[in-house]
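Asker: Quick check, what structure comes out for this input:
(2 chains)
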Number of protein chains: 2
Amino acid sequence: MPQNKQILLDSRPEGEATASNFKLVTRETPPLQDGQVLVRHHFLSLDPYMRGRMNESKSYAQPQPLGEVMIGGTVGEVVESRSPKFSPGDKVVGMGGWQEYSVADANAPGMLRKVDTTHVPLSHYLGAVGMPGVTAWYGLVKIIEPQAGQTVVVSAASGAVGSAFGALAKARGCRAVGIAGGPDKCRYVEQELGFDACIDYKQHRDAQSLAKALKQACPQGVDGYFENVGGMVMDAVMLRMNAFGRMALCGMIAGYDGQPIPMSYPQLILTNRLRVEGFIVSEHMEVWPEALKELGQLVGSGKLRPRESVAQGLEAAPEAFLGMLKGRNFGKQLVQLV
Amino acid sequence: MPQNKQILLDSRPEGEATASNFKLVTRETPPLQDGQVLVRHHFLSLDPYMRGRMNESKSYAQPQPLGEVMIGGTVGEVVESRSPKFSPGDKVVGMGGWQEYSVADANAPGMLRKVDTTHVPLSHYLGAVGMPGVTAWYGLVKIIEPQAGQTVVVSAASGAVGSAFGALAKARGCRAVGIAGGPDKCRYVEQELGFDACIDYKQHRDAQSLAKALKQACPQGVDGYFENVGGMVMDAVMLRMNAFGRMALCGMIAGYDGQPIPMSYPQLILTNRLRVEGFIVSEHMEVWPEALKELGQLVGSGKLRPRESVAQGLEAAPEAFLGMLKGRNFGKQLVQLV
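Answerer: You can find the predicted model right below:
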């Protein structure tokens, strides 16, 4: 049995999360039982939603239990199988968590999925052709429901969700406008991701100033907004929403540490007859096949060129995760384990 | 030509609206042209939306022009007709505005409608069987879409919209919980309108305290909320919303004078996967016939017994309107002119 390094949640954050909330341990992988598969992880996905799980408070999902391996998406290779469904060498995506190996039940629906790495690099199944990509797809296609020629906006545009959102929006003939932090990210969003414009929110002190910049970037107003951030950025976009606009609420990273993030102008929901809808992509498994197919084609054809920030080794995961929460990553944040 | 007293908007409010924003004038009614009808108003409707129209700022509707007769719904009797569609003596509902008489174009769709006062008193066509009733119907049926056994909540429950909402919700097998200001209104909401419970928001200093009371009144949580008020009341209900709850935003009377009314916990939209939707009933004329039919039956059968506050004479309209904005009315606010 190989030795397996794991990162556990050791304590819950009080305010900001810190490295001391995590604990590295080494254990042996357990012997396989019938129907089980041992997977060696090549990449571990780091995603903002994990910060929400670290809190005890009532959240949209079960809190991450203390003393257990941190939850998380993984891609890797089957190294041992006691199931006819998987063979050693198969490349798979799953929810293996923050560890080097995981044991998966081959019969549990949706737990482990074989993937084809001919046209799509393995790591992208954690990003553009994985949960973040499907998240963008669901918010755009099922909530915003844009028509060609409409203007859609996404915050955290250079990230895994935002970059997929831009490609999906352009494929539907929309004007795609991003919001990101810093000139490098904005340049990437405009030049490599194909957005029509990108606004650097760090250049703006308040929602009014950011709303002015949005007015320039969105001369026809905003018909659809995909929210990853909350707070000042959301206020600014709301000030530019058109009548009957749709807002898909996917993340509120600005409030993950428990600070208040009021919505300043809820009366705009009324006066502009907006529809504001929160969602969690794992509750809509029925759309995944269709969404993954389109996302795979966009990546395969080079229309979606997702960027990755890759930390090396499991020990690097906590700092990479904390950095991502502060926007220090550039594109999809991964940890490479092999 | 009869003399016609009118109330004009004379100036726009700075902050709170006052009587000095209005001006009473007397003019002659103009001679009728072909296709026109002269209506003598029996009742004038006073509604919170009018406060929004008094502001210059971009709103969901055209601002009320300065120097013109205040907009508003009216019921009355045709006194002269140059249209084959209407005869003197016809009882009609229309948008005649704050004046004693109005001239209406009989051919303009939706401007003037004959009503039957056999089972429904004329004044109710401005309330339960009129725009406020249809407003409640649309929010409940088209946005909240409740199932039998679910819990729905409405603020300003003793008002024209709230009382209709309660009857419509009970007719669908829901638990209906109201929020109103003061023990008299709450007693009326529970005992005469048939709500399952009513909470007096004036007994609560903040959203947390009000949310505790809601927890008692809504032991299964809140599946649908109809918002007439905004501010602290909305915050409190949001704290009790169930997963996949729906919120219909119809009014935000708390913010009509321009004061900030932030939504304190927008992250609940995400964590509870809420759908929050603003609407204006006049944009959904297609539902009016179905809604008015049900509302007429509820009133005719005594299942909906709307209460009215009736001010006497056109001169009383401004004070009655300002009082309504402060919640001094009890039920639908009307001005009786005949």
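Asker: what about A:E14, how many neighbours?
Answerer: A:E14 sits with 10 neighbouring residues when counted by other Cβ atoms under 10 Å in any protein chain shown. Placement of C-beta: from N, CA and C, glycine included.
Asker: Past the helix or strand of chain A with the lowest mean pLDDT, which element shows up next along the chain?
Answerer: The least trusted helix or strand in chain A, going by mean pLDDT, DSSP states H and E, turns out to be helix A:49-53, with a mean of 91. The element immediately downstream of helix A:49-53 (helix or strand, assigned by DSSP states H and E) is strand A:74-81.
Asker: average model confidence for that following strand?
Answerer: The average pLDDT within strand A:74-81 is 98.
Asker: Tell me which strands the helix or strand following that strand pairs with, and in which orientation.
Answerer: Sequence-wise, the next helix or strand downstream of strand A:74-81 (DSSP H and E) is strand A:91-94. Strand A:91-94 pairs in its sheet with strand A:74-81 (antiparallel), strand A:112-114 (antiparallel), by DSSP bridges.
Asker: Now the first one: buried residues?
Answerer: Right, strand A:74-81. A:T74, A:V75, A:G76, A:E77, A:V78, A:E80, A:S81 (16 or more other Cβ atoms under 10 Å in any protein chain shown).
Asker: Enumerate every residue touching the third one.
Answerer: In this structure, A:G76 makes contact with A:V39, A:R40, A:H41, A:H42, A:F43, A:K91, A:V92, A:G94, A:G96, A:L337, A:V338, judged by Cβ atoms under 8 Å, 6 or more residues apart in numbering or on different chains.
Asker: Can you give me the distance of the closest residue to it other than its chain neighbours to A:G296?
Answerer: Once flanking residues are discounted, A:G76 sits nearest to A:H41: 4.1 Å by Cβ to Cβ, 6 or more residues apart in numbering or on different chains. Distance, A:H41 to A:G296, using Cβ to Cβ, to the nearest Å: 21 Å.
Asker: for A:W137, same thing?
Answerer: 11 Å.
Asker: Next to chain B, which bits of the stretch 101-250 of chain A? Give me the list.
Answerer: A:G230, A:M234, A:A243, A:L249, A:C250 (Cβ under 8 Å from any Cβ of the partner chain).
Asker: Helices - which of those residues land there?
Answerer: Counting by DSSP state H, the part of these found in helices is A:M234.
Asker: Are any of the residues of the stretch 101-250 of chain A next to chain B buried, and if so which?
Answerer: A:G230, A:M234, A:L249, A:C250.
Asker: Quick check: of these, which lies closest to A:R53?
Answerer: A:R53 has its nearest neighbour among these in A:C250, at 15.3 Å by Cβ to Cβ.
Asker: residues in contact with that closest one?
Answerer: A:T135, A:G139, A:V161, A:F226, A:E227, A:N228, A:G278, A:F279, B:L270 are the contacts of A:C250 under Cβ under 8 Å, 6+ apart.
Asker: Check these and tell me the two furthest apart.
Answerer: Longest span within those, Cβ to Cβ: A:V161 and A:G278, 14.5 Å.
Asker: So for the two, which residue has more residues nearby?
Answerer: A:V161 (29 against 26).
Asker: Give the buried residues for the host helix or strand of that one.
Answerer: Using DSSP H and E, the element containing A:V161 is helix A:160-171. For helix A:160-171, burial by neighbour count (16+ other Cβ under 10 Å) applies to A:A160, A:V161, A:G162, A:S163, A:A164, A:F165, A:G166, A:A167, A:L168, A:A169, A:K170, A:A171.
Asker: Quick one: neighbours of the residue nearest to A:V237 when sequence neighbours are not counted, just the number.
Answerer: In this structure, A:V237 finds its nearest non-sequential neighbour in A:Y225, 4.9 Å apart by Cβ to Cβ, 6+ apart. A:Y225 has 28 neighbouring residues, counting by other Cβ under 10 Å.
Asker: With chain B as the reference, measure out to A:V120.
Answerer: As judged by Cβ to the nearest Cβ, to the nearest Å, A:V120 and chain B stand 29 Å apart.
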